[in-house]
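S.K.: Give me a 3D structure for the following:
(chains A and B)
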Amino acid sequence: MNKIAHFIHLDFYTIIPYKKPLYLLILVGLVMSVIIESISELPAIIMMGLLVVMSYPFSIGEKNGIDTLYATLPIKRNSVVTGRYAFVFCMEIIAAIFALLLSAALSVIFTIDLNVTETLVSLCFLTAVFSLVVSLQYPLYFKFGYTKGQPFAYLFLSLGILTIALWSGISENLASLTSLNNLWEGISANPYLMFGLPVGIGFLFLALSCALSCRLYEKRDI
Amino acid sequence: MINILELNHVNKGFDGFSLQDVSFALPTGFIMGYIGPNGAGKTTTIKLILNMLSLDSGSIKVFGKDNKICEQEIKEKIGVVMDQPFYVDEWTLLDVERSLSPFYQKWNSSKYSTLLKEFHLDAQKKVKALSRGMKIKLMIAVALSHEADLLILDEPTSGLDAVARNELIDILGIFMTDENKGILFSTHITSDLEKIADYITFINNGKILYSSTKDDLLEKYCIVKGGNGTLNPEQKKHVIGYREHSVGFDGLIDRNLLKALPKSVVTEPSNLDEIVVRFTMGEKQI
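M.R.: Next up, the predicted model:
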């Protein structure tokens, strides 16, 4: 367990020098929210930025031969993979909390309306999309490395970003379907399910993907 | 004598290249030079020792333990220096410590600082701002800061000037003052090994041609020279890497076979470079 924590720490140090694009995206999100006087897009922009940043450990790593570094460290390959997924999960949680706090701050400073429940539900669904995209991308990176896995991973990334970008529209459509869909009504009536289901499904994606990546990375020649 | 590193009948195949039946042992307290031309299989062997590649067959023991089963325990005590550094370019040397130190139980922070000072490395500098020689020193500083007992060096001197190479040799000399340590030093610049290696393992085309003490190797072979037409075809077969030029011939020979040659030939002591070159030309088993 300690080794996984150390690996999360290592991943953090790997990407921290390359944080500028994330800051830029957050700034764009802030400016946009203020201009259009709506903060509903802000969480989506932050999660989109995080999606891009989450490929950094692989891209920066490949550029700097970091797989060799992992091979010299007293850490098992399984811990490398699990540590990377744990890092992503932590970042996802931090980004969601950050997006919520930033939205609240903006709503106070610029007196923009904030529907907390709607923002929370939106964030839960965004994290599910985020987890799904990461779950599809990471096994490719662990199997082929960043450069070789990139074409397929980009496809998933584009789909994810598109889904997140269109999130407002999708959520509205989902809302309009609620009257026709008993299941959706049941879910939306239960706040635990409403928030917990997408997060749980996202976590399940990550767990399954992690197990697959462990097997793939174990067999990979570095 | 306890072996700090031991490879037994190691095989690993790729498309167009394979390591075949690689066996050698490095006793504790000694430096082994792992030599051979580019593409001979030196880096592949090191990657197998570090579990970066999986074995097809054979076994590797480090500190007497299986390198796969006891991987974490072994790597606590191994320091690795590769030809290319593997730290993030944007890291400062302080970041290098912050990132790596949690992994090692025996990380010694004050030793790291001292080594950086000794090697004239500025802790605030980024990895990308370091020269090649400095990057090698940084990798050595990391290796020594976690109290490694075995150093594995893969072509650390290629691309270094003579001064930086000498500095590295001095650092390794100091490391070896502790008799419980060992170094596997892979290089194709054999002159570095003349000064410090106790053992030599010579690999070519994925096969070990020689593995024993450096002195035995240098004593066993000598350079032989003579005029044109001095040797008959049968005698030429004894000469490894036989080369004819306008005024005569030269080559490498096992001293035991000298008696088969005419007395008119001249002999000179050999060196590791000559041995590698001639064997690569001649492809003979030592």
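
S.K.: for the stretch 151-286 of chain B, which spans come out with low pLDDT?
M.R.: Low-confidence segments of the stretch 151-286 of chain B (pLDDT under 70): B:283-286.

S.K.: Run through the bridge partners of the residue nearest the centre of chain B.
M.R.: With distances taken as Cα atoms, centre = their mean, B:S186 lies nearest the centre of chain B, 2.0 Å away. B:S186 forms beta bridges with B:Y34, B:D154, as assigned by DSSP bridges.

S.K.: residue contacts, it?
M.R.: For B:S186, the contact set (Cβ atoms under 8 Å, 6 or more residues apart in numbering or on different chains) comprises B:33-35, B:42-43, B:45-46, B:152-155. Using the backbone N, CA and C atoms, a C-beta is placed for each residue, glycine as well.

S.K.: For chain A, which residues are neighbours of chain B?
M.R.: Counting by Cβ under 8 Å from any Cβ of the partner chain, chain A comes close to chain B at A:3, A:5-6, A:9-10, A:13-14, A:17-18, A:60-61, A:63-69, A:71-76, A:219, A:221-222.

S.K.: Residue 212: neighbouring residues, count only.
M.R.: This is for chain A. By other Cβ atoms under 10 Å in any protein chain shown, 16 other residues sit near A:L212.

S.K.: My question was about chain B, not that one.
M.R.: Counted with other Cβ under 10 Å, B:S212 comes out at 14.

S.K.: any idea how far the closest residue to it other than its chain neighbours lies from chain A?
M.R.: With Cβ to Cβ, 6 or more residues apart in numbering or on different chains as the criterion, B:S212 has its nearest non-adjacent residue at 6.7 Å, and that residue is B:Y199. Distance, B:Y199 to chain A, using Cβ to the nearest Cβ, to the nearest Å: 23 Å.

S.K.: Verify the stated contact: B:Y199 with B:I35.
M.R.: No. With contacts counted by Cβ atoms under 8 Å, B:Y199 stays clear of B:I35, the gap being 10.7 Å.

S.K.: Look at those two and report which has more neighbours.
M.R.: B:I35 (29 against 24).

S.K.: Make sure that one is actually in contact with B:I200.
M.R.: Yes. Using Cβ under 8 Å, B:I35 makes contact with B:I200 at a distance of 6.2 Å.

S.K.: Quick check: the residue of chain A nearest chain B.
M.R.: As assessed by Cβ to the nearest Cβ, chain B sits closest to A:P17 within chain A, at 3.4 Å.

S.K.: Contact partners for that residue?
M.R.: With contact set as Cβ under 8 Å, 6+ apart, A:P17 has these partners: B:88, B:90-91, B:95.

S.K.: ok, now B:V22?
M.R.: Listed by Cβ under 8 Å, 6+ apart, the contact partners of B:V22 are B:7, B:9-11, B:41, B:45, B:58, B:203, B:206-208.

S.K.: Distance to A:N190 and neighbour count added to these, as JSON lines?
M.R.: Converted to JSON lines, the contacts of B:V22 look like this (distance: Cβ to Cβ, whole Å; neighbours: other Cβ atoms under 10 Å in any protein chain shown):
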{"residue": "B:L7", "distance to A:N190": "61", "neighbour count": "26"}
{"residue": "B:H9", "distance to A:N190": "63", "neighbour count": "12"}
{"residue": "B:V10", "distance to A:N190": "60", "neighbour count": "22"}
{"residue": "B:N11", "distance to A:N190": "60", "neighbour count": "15"}
{"residue": "B:G41", "distance to A:N190": "63", "neighbour count": "24"}
{"residue": "B:T45", "distance to A:N190": "60", "neighbour count": "28"}
{"residue": "B:G58", "distance to A:N190": "59", "neighbour count": "16"}
{"residue": "B:I203", "distance to A:N190": "67", "neighbour count": "24"}
{"residue": "B:G206", "distance to A:N190": "64", "neighbour count": "21"}
{"residue": "B:K207", "distance to A:N190": "69", "neighbour count": "17"}
{"residue": "B:I208", "distance to A:N190": "69", "neighbour count": "24"}
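
S.K.: now, which of these lie within strands?
M.R.: Among those, the ones falling in strands (DSSP state E) are B:7, B:9-11, B:58, B:203, B:207-208.

S.K.: so the residue of the stretch 151-286 of chain B found nearest chain A, which of the three states?
M.R.: Proximity of the stretch 151-286 of chain B to chain A (Cβ to the nearest Cβ) peaks at B:I152, 8.7 Å away. Classification of B:I152 using DSSP: H, G, I helix; E, B strand; the rest coil returns strand.

S.K.: hang on, isn't it packed against B:L48?
M.R.: No. If you go by Cβ under 8 Å, B:I152 and B:L48 don't touch, sitting 11.2 Å apart.

S.K.: and the gap between the residue nearest to B:S212 and B:L7?
M.R.: Using Cβ to Cβ, to the nearest Å, we find B:Y199 at a distance of 13 Å from B:L7.

S.K.: With B:K117 instead?
M.R.: According to Cβ to Cβ, B:K117 stands 37 Å off from B:L7.

S.K.: Repeat that for B:K68.
M.R.: Distance, B:K68 to B:L7, using Cβ to Cβ: 13 Å.

S.K.: any chance you could map the helices in chain A?
M.R.: Taking DSSP state H to define them, one finds helices in chain A at A:2-15, A:20-36, A:42-53, A:56-63, A:66-72, A:77-109, A:116-144, A:146-165, A:167-177, A:182-189, A:191-219.

S.K.: could you dump these to a markdown table with mean pLDDT?
M.R.: Formatted as a markdown table, the helices of chain A follow (pLDDT from 0 to 100):
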| stretch | mean pLDDT |
| --- | --- |
| helix A:2-15 | 92 |
| helix A:20-36 | 82 |
| helix A:42-53 | 84 |
| helix A:56-63 | 90 |
| helix A:66-72 | 94 |
| helix A:77-109 | 92 |
| helix A:116-144 | 89 |
| helix A:146-165 | 79 |
| helix A:167-177 | 62 |
| helix A:182-189 | 66 |
| helix A:191-219 | 90 |
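
S.K.: Quick one: those as TSV, columns for distance to B:K220 too.
M.R.: Shown next, in TSV, are these (distance: least, Cβ to Cβ, whole Å):
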stretch	distance to B:K220
helix A:2-15	47
helix A:20-36	60
helix A:42-53	59
helix A:56-63	45
helix A:66-72	35
helix A:77-109	43
helix A:116-144	47
helix A:146-165	47
helix A:167-177	75
helix A:182-189	81
helix A:191-219	42
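
S.K.: Domain ranges for chain B, per the record?
M.R.: B:3-213, B:218-282 (automatic domain parsing).

S.K.: Mean neighbour count, those domains: which tops it?
M.R.: Ranked by mean neighbour count, the domains of chain B are led by domain B:3-213 with a mean of 19 (mean count of other Cβ atoms under 10 Å in any protein chain shown).

S.K.: where does the spatially most distant residue from the centre of chain B fall, phi/psi-wise?
M.R.: Going by Cα atoms, centre = their mean, the residue of chain B most distant from its centre is B:G229, 38.4 Å out. Backbone torsions for B:G229, taken as degrees, to the nearest 10, come to phi 80, psi 10.

S.K.: all strands in chain B, in order from the N-terminus.
M.R.: Using DSSP E, strands in chain B cover B:3-14, B:17-27, B:31-35, B:57-62, B:65-66, B:78-81, B:150-154, B:182-187, B:199-204, B:207-213, B:221-227, B:240-245, B:248-254, B:266-269.

S.K.: just checking, what packs against the fourth one?
M.R.: Looking back up the chat, that one is strand B:57-62. For strand B:57-62, the packing partners by 3 or more Cβ pairs under 8 Å, 6 or more residues apart in numbering or on different chains; DSSP states H and E come out as strand B:3-14, strand B:17-27, helix B:42-49.
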